[in-house]
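J.: with the sequence up front, the predicted model follows.
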Amino acid sequence: MKPKIPIGVRERAKRFERLYREGLIHARRIRRTGYLSIRFSLCWRMLSKDNGQSWKTMSHATYNTQITI
């Protein structure tokens, strides 16, 4: 069962996605996979597998499994 993302984290992720689209923040490109990543807290990350068109918010543990695939 997936853990639910807290409301505050979801709101912060939306804010970071808006800032990314406005060009105010930049995502990090993961060399091995080519994915884009935004870290917005110690425990939460945003990951884009389609060059920034869509973003998924995930915990750090889930993020680690996604980038090693």
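T.: All right, it came through fine.

J.: name the residues that touch the worst-scoring helix or strand of the chain on mean pLDDT?
T.: Least confident helix or strand, the chain: helix 60-67 with a mean of 92, by mean pLDDT, DSSP states H and E. For helix 60-67, contacts defined as C-beta atoms under 8 Å, 6 or more residues apart in numbering pick out Ile30, Arg32, Thr33, Tyr35, Ser37, Leu42, Cys43, Trp44, Arg45, Leu47, Met58. To be clear about C-beta, it is placed using only N, CA and C from the backbone, and glycine gets the same treatment.

J.: show me what counts as buried in it.
T.: The neighbour-count check on helix 60-67 (16 or more other C-beta atoms under 10 Å) flags Thr62, Tyr63, Gln66 as buried.

J.: what does stretch 25-40 give?
T.: Applying 16+ other C-beta under 10 Å to stretch 25-40 flags Ala27, Tyr35, Leu36, Ser37, Ile38, Phe40 as buried.

J.: need the residues you listed in a markdown table (columns: distance to Lys4, pLDDT and secondary structure).
T.: Shown next, in a markdown table, are the buried residues of stretch 25-40 (distance: C-beta to C-beta, whole Å; pLDDT from 0 to 100; DSSP: H, G, I helix; E, B strand; the rest coil):
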| residue | distance to Lys4 | pLDDT | secondary structure |
| --- | --- | --- | --- |
| Ala27 | 24 | 97 | coil |
| Tyr35 | 23 | 96 | coil |
| Leu36 | 24 | 97 | strand |
| Ser37 | 22 | 97 | strand |
| Ile38 | 20 | 97 | strand |
| Phe40 | 17 | 89 | coil |
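
J.: what's the farthest-apart pair in these?
T.: Tyr35 and Phe40 (15.7 Å; C-beta to C-beta).

J.: for the least confident helix or strand of the chain, C-alpha coordinates in PDB please.
T.: The C-alpha trace of helix 60-67 is given here as PDB (Å, rounded to 0.1, in the frame of the first residue of the first chain):
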ATOM      1  CA  HIS A  60      12.900   9.800  -0.800                       C
ATOM      2  CA  ALA A  61      12.600   6.000  -0.500                       C
ATOM      3  CA  THR A  62      10.300   5.700  -3.500                       C
ATOM      4  CA  TYR A  63      12.500   8.100  -5.500                       C
ATOM      5  CA  ASN A  64      15.600   5.900  -4.900                       C
ATOM      6  CA  THR A  65      13.800   2.900  -6.300                       C
ATOM      7  CA  GLN A  66      12.600   4.800  -9.300                       C
ATOM      8  CA  ILE A  67      16.000   6.100 -10.400                       C
END
